[in-house]
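1. model the structure of this input:
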Amino acid sequence: MSELGNSVFDNGLNYIYSNTEKLYLLSADPGLMWSNIASYALGNKSSPTISTPADRTEGGREVVVSAVTDGSCTGTGDATHYALTDDSESDILVSGPLSGTLSMTSGAAFATDSFSIGIPDPA
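-> Numbering: from 1, shown residues only. Got it, this is the predicted structure:
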């Protein structure tokens, strides 16, 4: 089996670090379909803080999206997923489930815990 060096993992994770413009909280899984952002978005945070790639505890590499305390709710409902996007390119860079459901109320602020996005070592 081939092994990949950290620089291979880091190039993908650095793309997330360098190109994320917004963190969206969504009512459903958007997959990688840009059109789903408008349909499912309940809130967003511009310019979320993302760490540079580092070792994962479980092996591999990861970036950490810092906790948010001042996100803007743009809709009312239950957020179950997130997406990190490059809005200028209409591109979803990564999406996934939240660790728990977050109730959103239009016009209010939202807060999230930090979370990691990683690439595991090959098995």
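2. quick one: the helices in the chain?
-> If you assign secondary structure with DSSP state H, the helices in the chain sit at 6-19, 35-40.
3. with mean pLDDT and mean neighbour count added, can I get the ones you listed in TSV?
-> Placement of C-beta: from N, CA and C, glycine included. Putting these into TSV (pLDDT from 0 to 100; neighbours: other C-beta atoms under 10 Å) gives the following:
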stretch	mean pLDDT	mean neighbour count
helix 6-19	91	15
helix 35-40	97	15
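4. now these in a markdown table, with distance to residue 80?
-> Shown next, in a markdown table, are the helices of the chain (distance: least, C-beta to C-beta, whole Å):
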| stretch | distance to residue 80 |
| --- | --- |
| helix 6-19 | 21 |
| helix 35-40 | 9 |
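5. residue 63 is nearest to which of the ones you listed?
-> Go through these one by one with C-beta to C-beta and the one that ends up closest to residue 63 is helix 6-19, at 4.9 Å.
6. that closest one packs against which elements?
-> Contact here means 3 or more C-beta pairs under 8 Å, 6 or more residues apart in numbering; DSSP states H and E; on that basis helix 6-19 packs against strand 61-65, strand 91-104, strand 115-119.
7. what's the closest of the ones you listed to residue 32?
-> With C-beta to C-beta, the closest approach to residue 32 among those belongs to strand 91-104: 4.9 Å.
8. where does the protein dip in pLDDT?
-> When residues are selected by pLDDT under 70, those of the chain lie in 1-2, 123.
9. please repeat the previous calculation with a cut-off of 80.
-> Under the criterion pLDDT under 80, the flagged ranges of the chain are 1-4, 122-123.
10. quick check, central residue of it?
-> For the chain, the residue nearest the mean C-alpha position is residue 84 (3.9 Å; C-alpha atoms, centre = their mean).
11. closest one to residue 120 among the helices of the chain?
-> Ranking those by proximity to residue 120 (C-beta to C-beta) places helix 6-19 first, at 9.3 Å.
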